[in-house]
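>>> Turn this into a structure:
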Amino acid sequence: EVQLVESGGGLVQSGRSLRLSCAASGLNVDDYAIGWFRQAPGKGREGVSCISHSDDSTWNADSVKGRFTISSDIAKNTVYLQMNNLKPEDTGTYYCAEAVILTTNGVTGCYGRDYWGKGTLVTVSS
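Numbers count the residues shown, from 1 in each chain. As a prediction, the model looks like this:
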């Protein structure tokens, strides 16, 4: 059984940092692309950052470029999201998922696939 378990969320002030963790079991993260997605209250889910281990590529949403960094520890089978300079608009539930990075009509995006965690809540106060 595949499980993805997120941790590290919490309440922080604007400008501070958090590191989210996604611990995987039932799959090896280095065999997959893994992504972080978020859903703000009243909004749809959006891709935040993704890492593809097959070609060591990463993708980041424009809204987080220069602030968020995705990384992985293969030995721990865990993917991390380092979030710096957090803003109130980063508030939401963050999910990790098996993902795919695709380029369509010149636009690259990251899309969740079959396996999802249950999420961890990040709240950024102003």
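
>>> ok, now which ones touch A97?
By CB atoms under 8 Å, 6 or more residues apart in numbering, A97 lies in contact with L4, I34, G35, F37, G112, R113, Y115, W116, G117. (Each C-beta comes from the backbone N, C-alpha and C, glycine too.)

>>> ditto for R113
By CB under 8 Å, 6+ apart, the neighbours of R113 are A97, E98, A99, V100.

>>> cool, G26 as well?
So G26 contacts E1, V2, Q3 (CB under 8 Å, 6+ apart).

>>> what's the spacing between the second one and A99?
Put plainly, it is V2. 13 Å (CB to CB, to the nearest Å).

>>> Just the terminal-to-terminal distance for stretch 63-82.
14 Å (CA to CA, to the nearest Å).

>>> Give the residue from V2 and A99 that has the larger number of neighbours.
A99 (26 against 12; other CB atoms under 10 Å).

>>> Name every strand pairing with the longest strand belonging to the chain and say which way it goes.
Counting by DSSP state E, the longest strand found in the chain is strand 92-104. For strand 92-104, sheet partners with direction are given as strand 33-39 (antiparallel), strand 107-116 (antiparallel), strand 120-125 (antiparallel), following DSSP bridges.
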